[in-house]
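Following is a predicted model, sequence given first.
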Amino acid sequence: MPTYEYECQNGHPFERVLPHSEYRTAQYCNCGSLGKRIITAPTVFASKAICYDSPIDGRPITSRRARIDDLARNNCVEYDPEIKKDYARRIERQQASLDKSIEATVEETIERMPIRKRELLEAEFKGGADCVPERKTAPFTTITKVKHGN
């Protein structure tokens with residue numbers, strides 16, 4: 001949205017950021033006086049020069065458009081610092097879901113135990129035994145088929 005500069009009847013300068021559709025609306029200074037719009041030069045932002053080789057395919061990147069094309073051509077997205085936070089939140093949700101699933105499985109397993117076994121387990125906990133669940137990932141193994149020939 002554009003920034004419009006004003007000066008009130010008491011000589012106080014002030015600015016307003018307004019949508020173009022509201023630039024004709026009367027604006028008042030903090031002192032309460034009606035402001036008169038001052039015509040000023042627009043603010044122009046210049047981007048720095050881009051000049052590097054694509055780390056993906058080595059093509060020269062010399063403009064913003066070339067960068068966008070390079071990212072699209074290689075199925076990449078611009079880096080956004082929020083990506084790491086989104087990833088951390090997703091992992092946290094997955095871990096919470098896994099914890100909940102483990103808890104439900106343990107409860108279900110205890111419920112299916114014979115009464116005597118459940119009583120012994122309860123007695124162990126009352127006697128001071130502690131149970132700390134430990135997650136382990138199964139080791140990665142590959143299966144190779146060996147063809148025996150004559």
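Happy to help now that I have it. Residues are numbered from 1 along each chain as shown.

Please pull out the lowest mean pLDDT helix or strand from this structure.
Lowest by mean pLDDT, DSSP states H and E among the helices and strands of the chain is strand 52-53, with a mean of 86.

Domain-wise, how is this structure divided?
3-38, 47-78, 82-125 (automatic domain parsing).

weakest of those domains in terms of mean pLDDT?
Of all the domains of the chain, the minimum mean pLDDT falls on domain 47-78 (a mean of 85).

Just the buried residues of it, please?
For domain 47-78, burial by neighbour count (16 or more other CB atoms under 10 Å) applies to Ser54, Ile61, Ala66, Asp70, Leu71. In this view, the C-beta of every residue, glycine as well, is placed from N, C-alpha and C.

In a helix, Thr109, correct?
Yes - under DSSP: H, G, I helix; E, B strand; the rest coil, Thr109 falls within a helix.

Please report how far it lies from Glu103.
11 Å (CB to CB, to the nearest Å).

again, but for Leu18
Leu18 is 55 Å from Glu103, where distance means CB to CB.

between those two, who's got more neighbours?
Using other CB atoms under 10 Å, the more surrounded residue of Leu18 and Glu103 is Leu18, with 15 against 11.

Please list all residues in contact with the more buried one.
By CB atoms under 8 Å, 6 or more residues apart in numbering, Leu18 lies in contact with Met1, Pro2, Tyr4, Thr25, Gln27.

Whichever of those end up buried, select them in PyMOL.
In PyMOL, this line selects whichever of the contacts of Leu18 come out buried by 16+ other CB under 10 Å:
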select buried, resi 4+27
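
Can you add secondary structure and distance to Ser97 and give the contacts of Leu18 back as CSV?
Output for these, formatted as CSV (DSSP: H, G, I helix; E, B strand; the rest coil; distance: CB to CB, whole Å):
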residue, secondary structure, distance to Ser97
Met1, coil, 42
Pro2, coil, 47
Tyr4, strand, 51
Thr25, coil, 51
Gln27, coil, 52
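
Tell me the one of the contacts of Leu18 nearest Leu120?
Leu120 has its nearest neighbour among the contacts of Leu18 in Met1, at 71.5 Å by CB to CB.

would JSON lines of the contacts of Leu18 with distance to Asp80 be doable?
As requested, the contacts of Leu18 are arranged in JSON lines below (distance: CB to CB, whole Å):
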{"residue": "Met1", "distance to Asp80": "23"}
{"residue": "Pro2", "distance to Asp80": "27"}
{"residue": "Tyr4", "distance to Asp80": "32"}
{"residue": "Thr25", "distance to Asp80": "36"}
{"residue": "Gln27", "distance to Asp80": "36"}
